[in-house]
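>>> coords below, sequence missing:
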């Protein structure tokens, strides 16, 4: 039996697809080559934007054309939001609307020893580890709390066993991910006294205590969850926990943040980033920013740029606002024209390049631990890897093979990469 998988969207989706794939390979399925037809196709969809819905439909139809005898199982946030729409598409035999049913799905396909986690992550050299699902927030632009509303944290023991397997199988970096990563443990804490709560910092500490030559990186987190306990854990395990945080900002304008229904203002965000910089050695701080939110004025956009400068982000994921049907922001007055959003995107991208190069330049002369990941197509004899501080670093191939760590001294910043001294 031949299998094909396609994943759209976030790191959590990528993990969940790998979980199903690994379970099916364990009972005799084989990955189909791109050219050969599959008996089973699993498509993990995204619904963050309307474009995500459209792309999901296109892929389902394409997989049905290219694999006419296949059964197609569709899961993911678009499948949860519009199951009847998905079920009407060609060759779709099952629509999974709740990710908590993944073990049951494997059982229906004949997996008797249902795994509690994964042991590999395809051909990647870093592995994503899902630790949490669900979001309780109600940001005015986001549909995700409507399709993943239930907070669920994985048992810590399952996570630790999974990380052990991944490290034993050669993975040198694990990236902890969740729909709301900072809420790890919250669902299990409700009926316990506060001194018995499990928090994200406890999980990170337990993972860092595991033996082996590996490191752990946190994916996206909210500013209010950059706690003193979490920073202290990163300090105590500086050799295992990457000095990098992706702290989602969305806007640096207090008035826009209120319209977004975010839980803090720009001052608190700046303070949390300042606390991180004070305690850690030159940490990388990356973020997400939406430009062109309904009603965003030139002044409000300028406020966002100003906060970005104050923080000194090393990378900014920039998203022109896209009205998502079913969210309050889609019906707000003051929807901005596409050309305004694109212009602001260009301006912020220019600022991002300046801030990135400033941060990378601050690392010159510093020893960086790099996970070598892939050969460079435009520079023969070199590979590119990711440093602990999330900077891409060019490394001579004879220093280390892909999938290995190498320590290099940063010598030069060139075209968004750091080159070795």
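All right, it came through fine. On a predicted model such as this, the values are computed, not experimentally measured, just so you know.
>>> can you tell me the average pLDDT over stretch 192-206?
Stretch 192-206 shows a mean pLDDT of 85.
>>> What are the buried residues along the helix or strand bottoming out on mean pLDDT in the chain?
The weakest-scoring helix or strand in the chain, judged by mean pLDDT, DSSP states H and E, is helix 186-189 (a mean of 80). Within helix 186-189, the residues that count as buried by 16 or more other CB atoms under 10 Å are 186, 188. Any C-beta I mention is one placed from the backbone N, CA and C, and that applies to glycine too.
>>> Just list what the helix or strand following it packs against, helices and strands only.
Downstream of helix 186-189, the first helix or strand assigned by DSSP states H and E is helix 200-208. Judged by 3 or more CB pairs under 8 Å, 6 or more residues apart in numbering; DSSP states H and E, helix 200-208 is in contact with helix 156-168, strand 173-178, strand 215-218, helix 228-236.
>>> Just the element for residue 5, please.
strand 2-7.
>>> Nearest approach to residue 128 belongs to which of the helices and strands packed on helix 200-208?
Proximity to residue 128 (CB to CB) singles out strand 173-178 among those, at 5.0 Å.
>>> what about the helices in the stretch 1-150 of the chain?
11-25, 50-66, 77-81, 83-87, 102-108, 144-147 (DSSP state H, counting those that start in this stretch).
>>> all helices of the stretch 301-421 of the chain, in order?
Going by DSSP H, counting those that start in this stretch, the stretch 301-421 of the chain shows helices at 338-362.
>>> what residue ranges in it score low on pLDDT?
By pLDDT under 70, the stretch 301-421 of the chain has no low-scoring segment.
>>> pLDDT value on residue 95, please?
pLDDT, residue 95: 96.
>>> since we're on it, how many residues are nearby?
22 (other CB atoms under 10 Å).
>>> same deal with residue 203?
Residue 203: 23 neighbours (other CB under 10 Å).
>>> Next one: it from residue 153, what distance?
9 Å (CB to CB, to the nearest Å).
>>> same thing with residue 316?
Where residue 153 is concerned, residue 316 sits at a distance of 29 Å (CB to CB).
>>> can you confirm residue 299 is in a strand?
No: counting by DSSP: H, G, I helix; E, B strand; the rest coil, residue 299 is not found in a strand; it is helix.
>>> gap between the residue nearest to it when sequence neighbours are not counted and residue 298?
Leaving aside its chain neighbours, residue 299 sits nearest to residue 253 (7.9 Å; criterion: CB to CB, 6 or more residues apart in numbering). Residue 253 is 11 Å from residue 298, where distance means CB to CB.
>>> Residue 102 now?
46 Å.
>>> neighbour count winner among those two?
residue 102 (18 against 9).
>>> Am I right that that one is in contact with residue 18?
No: using CB atoms under 8 Å, residue 102 is not in contact with residue 18, being 11.1 Å away.
>>> Walk me through the domains of the chain.
Taking automatic domain parsing as the reference, the chain has its domains at 2-108, 126-362, 367-420.
>>> got those as JSON lines, with distance to residue 115 columns?
Converted to JSON lines, the domains of the chain look like this (distance: least, CB to CB, whole Å):
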{"stretch": "domain 2-108", "distance to residue 115": "6"}
{"stretch": "domain 126-362", "distance to residue 115": "9"}
{"stretch": "domain 367-420", "distance to residue 115": "23"}
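>>> Show me the common contact partners of residue 203 and residue 153, please.
131, 184-185 (CB atoms under 8 Å, 6 or more residues apart in numbering).
>>> ok so, going back, out of the helices of the stretch 1-150 of the chain, which is the most enclosed?
helix 77-81 (a mean of 25; mean count of other CB atoms under 10 Å).
>>> Identify all contacting residues around that one.
9, 13, 45-48, 52-53, 56, 86, 95-98, 143-144, 146-148, 326.
>>> Also stretch 196-207?
131, 153, 156, 159-160, 163, 174, 176, 181-182, 184-185, 188-189, 216, 218, 221, 225, 227, 229-230, 232-234, 236-237, 240-241.
>>> repeat for stretch 359-375
125-126, 172-173, 215, 282, 284, 312-314, 382-389, 391, 393, 395, 397, 399-413, 416, 418, 421.
>>> Show me which of those residues are buried.
By 16+ other CB under 10 Å, those give 125-126, 172-173, 215, 284, 313-314, 382-389, 391, 393, 395, 399-400, 402-406, 408, 410, 413, 418 as buried.
>>> isn't residue 318 right up against residue 345?
Yes: using CB under 8 Å, residue 318 is in contact with residue 345, at 5.4 Å.
>>> Report how many residues lie close to residue 177.
Residue 177: 21 surrounding residues under other CB under 10 Å.
>>> Please name the bridge partners of it.
residue 130 (DSSP bridges).
>>> Check the offset of the least confident helix or strand of the chain from the chain's centre.
22 Å (CA atoms, centre = their mean, to the nearest Å).
>>> re the thing from before, so the residue nearest to residue 299 versus residue 4, what's the distance?
For residue 253, the distance to residue 4 - CB to CB - is 44 Å.
>>> same thing with residue 255?
For residue 255, the distance to residue 4 - CB to CB - is 47 Å.
>>> what about those two, which has more around it?
For residue 255 versus residue 4, the count of surrounding residues by other CB under 10 Å is larger for residue 4: 22 against 15.
>>> show me what contacts the more buried one?
Counting by CB under 8 Å, 6+ apart, residue 4 has contacts 31-32, 38, 40-42, 63, 67, 70.
>>> What about the residues you listed, which are in strands?
31, 40-42 (DSSP state E).
>>> of the residues you listed, closest to residue 108?
The closest of the ones in strands among the contacts of residue 4 to residue 108 turns out to be residue 40 (CB to CB; 11.8 Å).
>>> Now do the same contact list for the closest one.
1-4, 24, 29, 70-73, 109.
>>> Now, of these, which are buried?
2-4, 24, 29, 70, 72-73, 109.
>>> can you list these in a markdown table and add distance to residue 167 and pLDDT?
Formatted as a markdown table, those follow (distance: CB to CB, whole Å; pLDDT from 0 to 100):
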| residue | distance to residue 167 | pLDDT |
| --- | --- | --- |
| 2 | 30 | 94 |
| 3 | 26 | 96 |
| 4 | 29 | 96 |
| 24 | 24 | 95 |
| 29 | 26 | 94 |
| 70 | 35 | 94 |
| 72 | 34 | 97 |
| 73 | 31 | 97 |
| 109 | 28 | 91 |
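>>> Helix or strand: which one has residue 286?
strand 284-291.
>>> Contacts for that strand next, please.
In contact with strand 284-291 (CB under 8 Å, 6+ apart) are residues 141, 220, 243-252, 260, 273, 276-277, 301, 304, 308, 311-321, 341, 344-345, 348, 359, 389-391.
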